[in-house]
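Peer 1: Turn this into a model:
(chains A and B, ligands or ions: 1)
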Amino acid sequence: MESLTASLERVFGYTTFRAGQQAALTALEDQKDTLAVLPTGAGKTLIYQLYGYRHPGCVLVVSPLLALMNDQVDRMRVAGFRQVAAVTSLTSFTERQEILAQLDQYRFLFLSPEMLAQPAVLSRIQQISLSLLVVDEAHCIVQWGPDFRPEYLLLGAIRERLGRPLALLLTATADHTTRIEIAKQMRVTPTVVAEPIDRPNVFLDVETVANETEKRERLLGLVSQLQTPGVVYFSSKQQATDTASWLQEQTGLAVAAYHAGLSSEDRFKIQQQFMQDDLAVICATSAFGMGIDKNDIRFVIHYHLPADLGSYVQEMGRAGRDGQTSVAILLYAPGDERLPQALNETNRPDDVTIRRFYATPQHFSLEEPGIRLLTFYRDHGISEPAVHALFERRERERRAALDRMVAYVREPTCLRQNWLTAFDQTAPDHQAKTCCAPGGQDLDITALGLRRTPAEAVTAPNSDWQTQLAGLLTAAPAVPEG
Amino acid sequence: MEADDLLQLLSSRQARRLRVIENLLRGRRTVSTLFWGQRYRLLYLLDLGKALTRGGLDGPAQALVDRQLATWEAEEQPQLRLTPAGVAAQHAAQPFVPQTAVLWPQLDINAARKRLLLGVQVVSEYQHQTKRYYPLATDLATRQLVRRWFYQSDRQQLGTALQATLTRSLARLPERVATVTVAGFTGYQQPGLTNQQLAVRWQTTAWQVYLMHIEAVVTIAQAAQVATDPLSGLLGPLWTVPVTKSAQATLAAVQAGGTLDQIARQRRIKPSTVREHLLEAAIMLPEAAFPYERLLPATTQRTLLALLPAAIDDWTYTDLAPAVQAKIDFFTFRLLAIWQDKRGDSHGKSNG
Ligand SMILES: [Zn+2]
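Peer 2: Okay, here's the model as predicted:
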C-alpha cells in the first residue's frame, strides 16, 4: 500500500500533514480505535476522508450537527468525492429511501444519531461493509447542551451491533474527565491523539461593562475600529438580526445576520458573500461557522456569555486561522450568566414534570424537546429514579461548566493560562502585549496592529441587470485588474 | 411576513378571515380556504409561505389594528377590515402588484424557483470554467434534474441561449423586478443577494421582493412552455392543472355522465369526498371547464337566488329556512356561490 504522504498528495495535493493528522491516521492504519482531540481548523475531516480513500468499504460518520453535515457533504462533493450522502431528519422521505436503497454505492455516509438509532436504518447499515465508524463532536456524548442528542448514549451499543468496526472519535474540546467518559460510553480503549490547542496569534480579551447599553456602545466602538472581516456571536437569533442591521446603519459596513432560522438559500448566500469579502461582519448564532473555512477572520466578539468554555474556544478559534494576529473579545455585563443558566433550565424538564410523565406519559406532547428526551429514556427502559439522577448529574455538570466559563471571565492575570489549564495543557508565559487583556485591562487595538485604516468609500459598480446577467452567463474576455 | 405585507392583502370593502390567508400561504387546501381565497382574489398565495407557523399572522394582524389601519370584526372566525387610514397606507406603500398572479396556482413555484436558481448557477460556473464551487444547497431531486438537463443540453450554446431567453422574459417585466431577480441569482463570483438584502436596497420588504422573484419565475416558466426554449426541459413539466389528481378523476367521471352517488361507489370514496372534489375543481378551474349547468338545474338556481342576499359574501347556508335546507344541500349552495362569483367576474362586475 502507498504511504500516507503519497495518498495525501494524490487526493488533496498537499505534501505535509497538519499536526495530529498523521498520528491519528497511523493509529487507524494499525487498526487501533482512536480518539483525536484536535483544535477547530486542524483538519479533522481529512483524517477520515483519507482513510476512506485508502480502504474499501464505507466510512460512516455520525454527527449531531445537521447543518454541519450538509455543509460537509457539499464540501466533499466540491473536493471531488462523489459517492457521499447525508441522511438526517432534514432529508425528505423519498430522498432517504433512495439513499438507503443504494447504500452500497456510497463511500461516505453521514448520519444523524437519531437516524442511526432507527431499526430500519440500522439494519440496512448492518448489510454493508464499514471501513470506519466516525463519531464527530464526540464530546456531545457526555455534554448536555443544545446539541445534545440522547441517541448518542446508544452509540456504544450500536457499534457492537455493527460488529465493532474501527472507531474514530473526534472532538475539539475534551478535558481529561470528558475523555474517560467518552471512552466508557463508546466501550472502547482508544489511542488518544491530542495536539496543543493554544492559538498564540489570537489575542484574548475580556471586557466588563456596566449594563446592556454600555455593551452595545462598546460593540459599536469595536466594530467601528477593528480590521475586518469579523464575527459577532449572539445567543439569540432576534438579537443577531437586529444588531446586524443596526451595525450596518451605524458603521456603513456590510453586515449580515446568520442563524438557523434563515432559509438554506439565504444561509448559502450569506456564507458565500462572507467568503468572498462582500460582507465585513457577520452577526451570528452558534449555527454559524461549522462549514466556514475562512482563514482571515480578524476578530471574534462574543456579545453573550457562552454556556461553557469548550463552546467559547470553538467559536473564538475561528479567528486567525491564517496565523496572523487576531483578537477574541468577550463582552460581559454583571448577571450575564443568568441567560445560559435560564437556557439550561428551559431545556430540562423539572422534577414534577418527570414524575407526572412517568405516571401518564400519554398526556404529554412530543413537540417539546424535554418530553422527547423523557420519552427516549422511558422507551429505553431507564427508570424514573435513574432519570432524576441523570438530570441532576447533567444539571451539576452544566452548572460546573458555566462556573468554569465565569471563572475565565473573572480571571485577573492571564486568560490564556486559565483556558489552557482547564484543558490540561500548559500555557506559555504571559506577555501583556501579545497574550491577553483580562477584565479591567485595556485592549490596545493599535498596538496589536488591528486598527482599521479608513478605507475609501467603495461604491459598488451599479451595472444594469442586462450587463449583470451577461456577466454571469457569458464568459467575458479577461479584463486586466486594477 | 410583516404587518406592511399583510396590509396589502386586506380590503375595506370586504372583511377577511385571517385564518384563510394563513391557510392559503401554508398550502392547506380545504374547500373552505379555497372558496374564500377565491372570494378574496388571493388564490395566488397558495403554498407561498410553507414555513409560516399556525398563528404566524396574528402578530402582524394585531400590529395593523394597533396602528389603527384595520379593525377586527367579530364573527365565528376573526375577520379584519381596513380602516380609511389603512386604505390610504395601502396605496401610499406603492406595492408591487404581480401581473401573472392568476397563473401562479398552475405552476409548482417552489420547484421552479429551485431549478431555475441552480440551473443558472451551473451554467454560469461552466461558462467561466470553474471546476470547484459550492452548489446551492438543495434537495436531491432538484440536483439530479438540473444535472440531467445540463448534460442533455447543447453546452456550447447553453450560456448564450439562456442569457437570451432570460433577457427576453425579464424585459417584459418592470425594470425593478428584472433588477431584483438578477441580483438574486447565484453564479460565478456572485453569491447573490438575499431577499432581505434586496429589500433594504430597494426600501421594501422581503415579502415584496419574494413576490417579484415569483413574478419573474412564472414569466420565465411561461417562455419555457415552448419546446425550443433552453429551459423547457427544466421548467416546462412544472406546469400543472391546479387540481389534485383525485379531484380531476372525479370531475372526469361527472363529465362522463355519472351521478354523484354512482361515482362515489365506482371510485370507492365517500359521497362527501366526491362533493369536495367537485367544489375544489369548480374553484380552481375556469368557468368553461366545469359542468355547472348539469349540477345546478335552472329551477334550483332561481329558487336559491330569490332567497339569498345580493352580495355573495353575505350568503349563509344556515340562514336558509329548514325546509329549503332539506331540499337543497350545502354542496349545491356553495357551487352556486362559486358560479355566481365566476359569472360576476366574467361580466366584469366587482364583488369586492
Ligand atoms: Zn495572558
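Peer 1: Identify the residues contacting residue 82.
Peer 2: Using chain A here. Applying CB atoms under 8 Å, 6 or more residues apart in numbering or on different chains, one finds that A:Arg82 lies in contact with no residue. C-beta here means a position set from N, CA and C on the backbone, and glycine is covered the same way.
Peer 1: my bad, the chain I had in mind was chain B
Peer 2: Counting by CB under 8 Å, 6+ apart, B:Leu82 has contacts B:Leu7, B:Leu10, B:Ser11, B:Ser12, B:Leu69, B:Ala70, B:Gln90.
Peer 1: how close does the first one sit to A:Gln425?
Peer 2: Between B:Leu7 and A:Gln425 the distance is 59 Å, computed by CB to CB, to the nearest Å.
Peer 1: With the fourth one instead?
Peer 2: B:Ser12 sits at a distance of 70 Å from A:Gln425 (criterion: CB to CB).
Peer 1: And the strands in the stretch 51-200 of chain B, which stretches?
Peer 2: Secondary structure of the stretch 51-200 of chain B by DSSP state E, counting those that start in this stretch: the strands cover B:70-73, B:79-82.
Peer 1: any chance of those strands in CSV, with distance to A:Lys237 too?
Peer 2: As requested, the strands of the stretch 51-200 of chain B are exported to CSV (distance: least, CB to CB, whole Å):
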stretch, distance to A:Lys237
strand B:70-73, 28
strand B:79-82, 28
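Peer 1: Switch the ones you listed over to TSV; also include mean pLDDT.
Peer 2: Shown next, in TSV, are these (pLDDT from 0 to 100):
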stretch	mean pLDDT
strand B:70-73	92
strand B:79-82	94
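Peer 1: among the ones you listed, which is the most enclosed?
Peer 2: Across the strands of the stretch 51-200 of chain B, averaging neighbours per residue (mean count of other CB atoms under 10 Å in any protein chain shown) puts strand B:79-82 on top, at a mean of 21.
Peer 1: partners of that one in the sheet?
Peer 2: strand B:16-17 (antiparallel), strand B:70-73 (antiparallel) (DSSP bridges).
Peer 1: Just the C-alpha atoms of that strand, please, in PDB.
Peer 2: What follows is strand B:79-82, C-alpha atoms only, in PDB (Å, rounded to 0.1, in the frame of the first residue of the first chain):
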ATOM      1  CA  GLN B  79     -62.000  38.900  10.400                       C
ATOM      2  CA  LEU B  80     -60.100  42.000   9.500                       C
ATOM      3  CA  ARG B  81     -61.300  45.100   7.600                       C
ATOM      4  CA  LEU B  82     -59.200  48.000   6.600                       C
END
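Peer 1: Can you name the residue of the stretch 151-300 of chain B nearest to the ion?
Peer 2: In the stretch 151-300 of chain B, the residue that lies nearest the ion is B:Pro191 (38.1 Å; CB to the ion).
Peer 1: Let me see the contact set for that residue.
Peer 2: Listed by CB under 8 Å, 6+ apart, the contact set of B:Pro191 reads A:Phe268, A:Lys269, A:Ile270, A:Gln271, A:Gln272, A:Gln273, A:Met275, A:Gln276, A:Asp278.
Peer 1: with these in mind, which one is nearest to chain B?
Peer 2: A:Gln272 (3.4 Å; CB to the nearest CB).
Peer 1: name the element that closest one belongs to?
Peer 2: A:Gln272 belongs to helix A:264-275 when assigned by DSSP states H and E.
Peer 1: And the residue most central in space within chain B, how far from B:Val97?
Peer 2: What sits nearest the mean C-alpha location of chain B, by CA atoms, centre = their mean, is B:Tyr44, with 2.3 Å. From B:Tyr44 over to B:Val97 the distance is 11 Å, taken as CB to CB.
Peer 1: on that earlier part again, in TSV, list the strands paired with strand B:79-82 along with distance to B:Lys327.
Peer 2: Formatted as TSV, the strands paired with strand B:79-82 follow (distance: least, CB to CB, whole Å):
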stretch	distance to B:Lys327
strand B:16-17	29
strand B:70-73	32
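Peer 1: For B:Ala161, find the nearest of those strands.
Peer 2: Closest to B:Ala161 of those is strand B:16-17 (CB to CB; 44.1 Å).
Peer 1: Pull the residues that contact the closest one.
Peer 2: So strand B:16-17 is contacted by B:Leu9, B:Leu10, B:Trp36, B:Tyr40, B:Glu75, B:Gln77, B:Pro78, B:Gln79, B:Leu80, B:Arg81 (CB under 8 Å, 6+ apart).
Peer 1: thought A:Tyr106 was touching A:Phe81?
Peer 2: No - counting by CB atoms under 8 Å, A:Phe81 is not a contact partner of A:Tyr106; they are 10.1 Å apart.
Peer 1: Buried residues, stretch A:89-99. List them.
Peer 2: A:Thr91, A:Glu95, A:Arg96, A:Ile99 (16 or more other CB atoms under 10 Å in any protein chain shown).
Peer 1: one step back: between the strands paired with strand B:79-82, which one is closest to the ion.
Peer 2: The ion sits nearest to strand B:70-73 of all the strands paired with strand B:79-82, at 59.0 Å, using CB to the ion.
Peer 1: Now do the end-to-end distance for stretch A:77-85.
Peer 2: End-to-end span of stretch A:77-85 (CA to CA, to the nearest Å): 10 Å.
Peer 1: And for A:Leu390, the neighbour number?
Peer 2: Neighbours of A:Leu390 under the rule other CB atoms under 10 Å in any protein chain shown: 17.
Peer 1: what about whichever residue of the stretch 251-400 of chain A sits closest to the ion, distance to A:Gln273?
Peer 2: Scanning the stretch 251-400 of chain A for the residue nearest the ion gives A:Ala328, at 12.2 Å (criterion: CB to the ion). Using CB to CB, we find A:Ala328 at a distance of 23 Å from A:Gln273.
Peer 1: So if I had to pick from those two, which one is more boxed in?
Peer 2: Taking neighbours as other CB under 10 Å, A:Ala328 and A:Gln273 compare with A:Ala328 leading, 24 against 20.
Peer 1: List the beta-bridge partners for the more buried one.
Peer 2: A:Leu204, A:Val300.
Peer 1: Could you list the low-pLDDT ranges of the stretch 301-450 of chain A?
Peer 2: A:346-347, A:367, A:369 (pLDDT under 70).
Peer 1: how about the residues of it near the ion?
Peer 2: Residues of the stretch 301-450 of chain A found near the ion (CB under 5 Å from the ion) are A:Cys414, A:Arg416, A:His430, A:Cys435, A:Cys436.
Peer 1: go again using 8 Å as the cut-off
Peer 2: Within reach of the ion by CB under 8 Å from the ion, the stretch 301-450 of chain A has these residues: A:Thr413, A:Cys414, A:Leu415, A:Arg416, A:Gln417, A:Ala427, A:His430, A:Gln431, A:Ala432, A:Cys435, A:Cys436, A:Pro438.
Peer 1: was I right about the third one contacting A:Glu207?
Peer 2: No - using CB under 8 Å, A:Leu415 and A:Glu207 do not qualify as a contacting pair, with a distance of 11.5 Å.
Peer 1: tell me the domain boundaries of chain B?
Peer 2: Taking automatic domain parsing as the domain assignment, the ranges for chain B are B:3-95, B:105-238, B:243-291, B:296-352.
Peer 1: re earlier: which of B:Leu7 and A:Gln425 has more neighbours?
Peer 2: Of the pair B:Leu7 and A:Gln425, B:Leu7 is the one with more neighbours under other CB under 10 Å, namely 23 against 15.
Peer 1: Excluding chain neighbours, what is closest to that one?
Peer 2: Of all residues not flanking B:Leu7 in the chain, B:Gln90 sits nearest, at 5.6 Å (CB to CB, 6 or more residues apart in numbering or on different chains).
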